[in-house]
Each structure stands twice: as structure tokens, then as C-alpha cells.
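*Asks:* Fold the following.
(chains A and B)
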Amino acid sequence: KNEVEQSPQNLTAQEGEFITINCSYSVGISALHWLQQHPGGGIVSLFMLSSGKKKHGRLIATINIQEKHSSLHITASHPRDSAVYICAVPSGSRLTFGEGTQLTVNP
Amino acid sequence: DVKVTQSSRYLVKRTGEKVFLECVQDMDHENMFWYRQDPGLGLRLIYFSYDVKMKEKGDIPEGYSVSREKKERFSLILESASTNQTSMYLCASSLQPYEQYFGPGTRLTVT
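*Replies:* Coordinates of the predicted model:
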């Protein structure tokens, strides 16, 4: 089974700060998934990436396949970015999830 | 857009009751999944299904069963609810296993 570790578990920031969330996994993969979960439960997909970098608005995801590591960055953070961020990797025919990073952005 | 819906957002049941959680997707996906999510434990897979009438156990199937009679619908059944099944339950569907679309979740409380 592919083990997935995220750090930090909890992160508190002031509005405008640059945020980085890290994800490491133990077994080689073809793609990695970043997900966002707002209070209330629904999970939405942010990125699926297999190499390099992807950008969507203020969110940037990078992956280093050789080092088995991915990062999610948020530039100019805003209180509406407060959520749980989860990385997930394929493990056979399933997904293995990290435990998530609770991000709180204060105004 | 893929839409995955779950029958209830919040549910309160008594210990020993039989509980049905329904999930419906509208994108003709073969794969459907049921997870539970608990603080500090992340998402854990209960059951999944690759096709109608097919099911496979996930990591924590004990105390649960599932039913998939139609492609678009995947039901999770708690035969006799217990307080340790109080949790957030999330359904997902996908064409590829690693690109899953999630429903809004059902927060179940068993008293």
C-alpha cells in the first residue's frame, strides 16, 4: 500500500500570506490528486498532476516524481481559502489519502 | 459537470436501527466508492464497486454492506447501527480510480 504523509496537519495564517502544504508518498505513482474540503463536508478536486507544475488562479501545485513529493501553494491567501486540503495517490485500483491539512486564514 | 448526490446531509439514528445511505451519480461511471471520514484518521474506504452487482471490501468493511443494482446508484447499509459508526460518510464515483468525484457527504449520528 502507498503510504501518504502530509504536513503540516494544521496551519494558521494571516490574510495575504504565502501558504505551502506538503505531501510525500512511499511508492512510485502515475499521478497525484489535490483535493479541497470546506466546512460542511463536500470535497472538490483542485489538481491532478503527473509532472512539473500546474496553476489555477492563486493555487499552484508542483510534483517531483523522483523525490516522491508534491507541494500545494496558495499565494495571497484569503479567509475563503480556509479548508482542509488533502492529497491522494493511486494505490492499485484505489486511492490512498493523506490525513489532510486544516488551513485557517485569519483576516 | 459530474454530479454525485447523497440522500441526506444530516441523519440521526438510534443504536440498532438499520440505516440506508444512498448515492447517485449522473455520469455513467463504472466505479463507485463509499468512505467514512473521522478526525485524525482521514478518509477510509469502506466498500467499492466496479460494476453493477459487483462489490469489493475496502479497508474497514466490518459492520457495513453495500448494494449496486443499477449503475448510477450505490447504497451503503448499516445493518445494526452502533455509536462507533457516527461519522461523515462520503460517496465518490469515477471512470479512472484516481480521478474521483465526491458527493456532499452525510453526517450520521448514532445515539
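*Asks:* Show me what the helix or strand bottoming out on mean pLDDT in chain A is packed against.
*Replies:* When the helices and strands of chain A are scored by mean pLDDT, DSSP states H and E, strand A:94-97 comes last with a mean of 88. Packing partners of strand A:94-97 (3 or more C-beta pairs under 8 Å, 6 or more residues apart in numbering or on different chains; DSSP states H and E): strand A:83-91, strand B:42-49. Placement of C-beta: from N, CA and C, glycine included.
*Asks:* closest one to residue B:3 among the ones you listed?
*Replies:* strand B:42-49 (18.2 Å; C-beta to C-beta).
*Asks:* With distance to residue B:7 added, can I get the helices and strands packed on strand A:94-97 in JSON lines?
*Replies:* Formatted as JSON lines, the helices and strands packed on strand A:94-97 follow (distance: least, C-beta to C-beta, whole Å):
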{"stretch": "strand A:83-91", "distance to residue B:7": "23"}
{"stretch": "strand B:42-49", "distance to residue B:7": "16"}
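*Asks:* possible to save those as TSV with distance to residue B:11, mean neighbour count and mean pLDDT?
*Replies:* As requested, the helices and strands packed on strand A:94-97 are arranged in TSV below (distance: least, C-beta to C-beta, whole Å; neighbours: other C-beta atoms under 10 Å in any protein chain shown; pLDDT from 0 to 100):
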stretch	distance to residue B:11	mean neighbour count	mean pLDDT
strand A:83-91	21	23	92
strand B:42-49	16	21	93
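*Asks:* mind listing what residue 47 touches?
*Replies:* Went with chain A since none was named. Contact analysis of residue A:47 by C-beta atoms under 8 Å, 6 or more residues apart in numbering or on different chains lists A:33, A:34, A:54, A:56, A:59, A:61, A:72.
*Asks:* right idea, wrong chain: chain B
*Replies:* B:33, B:34, B:55, B:56, B:57, B:58, B:61, B:64, B:65, B:66, B:76.
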